[in-house]
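Q: Structure, please.
(2 chains)
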Amino acid sequence: QKEVEQDPGPLSVPEGAIVSLNCTYSNSAFQYFMWYRQYSRKGPELLMYTYSSGNKEDGRFTAQVDKSSKYISLFIRDSQPSDSATYLCAPKPNFGNEKLTFGTGTRLTIIP
Amino acid sequence: NAGVTQTPKFQVLKTGQSMTLQCAQDMNHNSMYWYRQDPGMGLRLIYYSASEGTTDKGEVPNGYNVSRLNKREFSLRLESAAPSQTSVYFCASSVDRGGNEQFFGPGTRLTVL
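A: Down below sits the predicted model:
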């Protein structure tokens, strides 16, 4: 079993829809939960991160972590064609550990 | 600021050939990383360098060597390329070990025939 599981998609939704992207993980030591966005033929870039359980909102994006069920979610409201990209979750332990464990990524297309 | 730069952008090798992928960052970051990205496998860490003068193995180090030349530069060498090393390679950097944000370069697309 992989430490981080992510549905690879692809996922296509109409513009303006709410998008839900999800990951599950198995390592109880994970405390920081990052979401990276990767446009086609580009390197990933950090979108947002949360610490421990709870929600964090940044504009149209909301990251949610449920540590009891080891479930990570990213919600995109009012989705735009510019949100079309691959989204990767990347959790890591709390202590000074530089190693991220990336999910395989979900490819998202927003249809105008 | 160029951020993280990688050369070359594309490369085709024959089995057994060697090559070095170059990476440089101008953000004064201490930590640097090499990843490979394959379909269905996500990003996997090959090697990382927590600070100048140190390097450590990641998840998939076999067949690769690295050199942290100075604080700015971190190179990845394939001594004898194999078709299994066909992949997209990304270099990344972060302020220090434990930094949550890693900044990625544009990638090198490598094909080994």
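
Q: what number of residues lie near B:Tyr64?
A: 19 (other C-beta atoms under 10 Å in any protein chain shown). In this view, the C-beta of every residue, glycine as well, is placed from N, C-alpha and C.

Q: Repeat that for B:Gly53.
A: With other C-beta under 10 Å as criterion, B:Gly53 counts 9.

Q: what pairs with residue 24 across the strands?
A: You didn't pick a chain, so chain A it is. Beta-bridge partners recorded for A:Thr24 (DSSP bridges): A:Glu5, A:Tyr71.

Q: should've been chain B
A: B:Thr5, B:Glu73.

Q: Let me see the contact set for it.
A: For B:Ala24, the contact set (C-beta atoms under 8 Å, 6 or more residues apart in numbering or on different chains) comprises B:Val4, B:Thr5, B:Arg72, B:Glu73, B:Phe74.

Q: The closest residue to chain B within chain A - nearest residue in space that isn't next to it in sequence?
A: Residue nearest to chain B within chain A: A:Gly43 (3.2 Å; C-beta to the nearest C-beta). Spatial nearest neighbour of A:Gly43, chain neighbours left out: B:Phe104 (3.2 Å); criterion: C-beta to C-beta, 6 or more residues apart in numbering or on different chains.

Q: pLDDT at that neighbour, what is it?
A: The score at B:Phe104 is 96. That number is its pLDDT.

Q: what about it, how many neighbours?
A: 22.

Q: State the distance from the residue minimising distance to the centre of chain B to A:Lys42.
A: Taking C-alpha atoms, centre = their mean, the centroid of chain B lies closest to B:Trp34, which sits 2.9 Å from it. Distance of B:Trp34 to A:Lys42, given as C-beta to C-beta, to the nearest Å: 17 Å.

Q: just A:Tyr49 next, same as before
A: According to C-beta to C-beta, A:Tyr49 and A:Lys42 sit 19 Å apart.

Q: just the residues of chain A that are near chain B, which are they?
A: Proximity of chain A to chain B, by C-beta under 8 Å from any C-beta of the partner chain, involves residues A:4, A:6, A:8, A:32, A:34, A:41-46, A:49, A:88, A:90, A:92, A:95-100, A:102-105.

Q: if I pick A:Pro10, what's in contact with it?
A: A:Pro10 neighbours (C-beta under 8 Å, 6+ apart): A:Thr106, A:Arg107, A:Leu108, A:Thr109.

Q: Quick check: closest non-adjacent residue to the third one.
A: By that I understand A:Leu108. Closest to A:Leu108 by C-beta to C-beta, 6+ apart is A:Leu11, at 5.1 Å.

Q: What count of nearby residues applies to the one you found?
A: There are 15 residues near A:Leu11, going by other C-beta under 10 Å.

Q: That one touches A:Arg107, doesn't it?
A: Yes: contact criterion C-beta atoms under 8 Å: A:Leu11 and A:Arg107 qualify, at 6.9 Å.

Q: contacting residues for B:Pro8?
A: If you count contacts by C-beta under 8 Å, 6+ apart, B:Pro8 has them with B:Leu21, B:Thr108.

Q: Kindly report the same for A:Ser28.
A: By C-beta under 8 Å, 6+ apart, the contact set of A:Ser28 is A:Lys70.
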